[in-house]
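Student: Sharing a model that was predicted from the sequence below.
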Amino acid sequence: QLQLVESGGGLVQPGGSLRLSCAASGFTLDYYTIGWFRQAPGKEREGVSCISSSGGSTNYADSVKGRFTISRDNAKNTAYLQMNSLKPEDTAVYYCAARYGLGWCFVGGMDYWGKGTLVTVSS
């Protein structure tokens, strides 16, 4: 069964940090572009960050630039999102998704999705 499983979410105070993980099973991530997306209550799902299959290229939403870092470890079949200096507006369910081959990440263009992990930033 092909699936992505996110972990690492939770409750954190403003200014704190979390590291999300996205583990793949049933397939290898080597040839997939990986994206992190989030959806806050009452809002549409939005792209947060994207990393190419080799890890050599990344991009970020303006709202998280300088605070979040995407990475991947193909040997572990896992991708990560390091989130620092968290703000209340970062509160959302965070999803990882995979897209086969080249091309950047967008909601309608991903092949596989995880079920999400909740991140709550609150004092």
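Tutor: Yep, that arrived.

Student: Quick one: end-to-end length of stretch 24-38, please.
Tutor: Terminal residues of stretch 24-38 lie 18 Å apart, using Cα to Cα, to the nearest Å.

Student: what is the mean pLDDT for it?
Tutor: Average pLDDT, stretch 24-38: 94.

Student: same thing with stretch 81-93?
Tutor: Stretch 81-93 comes out at a mean pLDDT of 98.

Student: So which residues of the protein form helices?
Tutor: Read by DSSP state H, the chain holds no helices at all.

Student: any idea how far residue 80 lies from residue 42?
Tutor: As judged by Cβ to Cβ, to the nearest Å, residue 80 and residue 42 stand 28 Å apart. Any C-beta I mention is one placed from the backbone N, CA and C, and that applies to glycine too.

Student: okay, those two: which has more neighbours?
Tutor: More crowded of residue 80 and residue 42, by other Cβ atoms under 10 Å: residue 80, with 20 against 5.

Student: What separation is there between the spatially most central residue of the chain and residue 1?
Tutor: By Cα atoms, centre = their mean, the chain has its centre lying nearest to residue 36, at 2.5 Å. Residue 36 sits 22 Å away from residue 1, going by Cβ to Cβ.

Student: and if you look at residue 110?
Tutor: In terms of Cβ to Cβ, residue 110 sits 18 Å off from residue 1.

Student: Look at these two and report which has more neighbours.
Tutor: Using other Cβ under 10 Å as the criterion, residue 110 and residue 1 rank with residue 110 on top: 22 against 5.

Student: What does the pLDDT read for the more buried one?
Tutor: pLDDT, residue 110: 95.

Student: correct me, but it touches residue 98?
Tutor: Yes - the pair formed by residue 110 and residue 98 meets the contact definition of Cβ atoms under 8 Å, at 6.5 Å.
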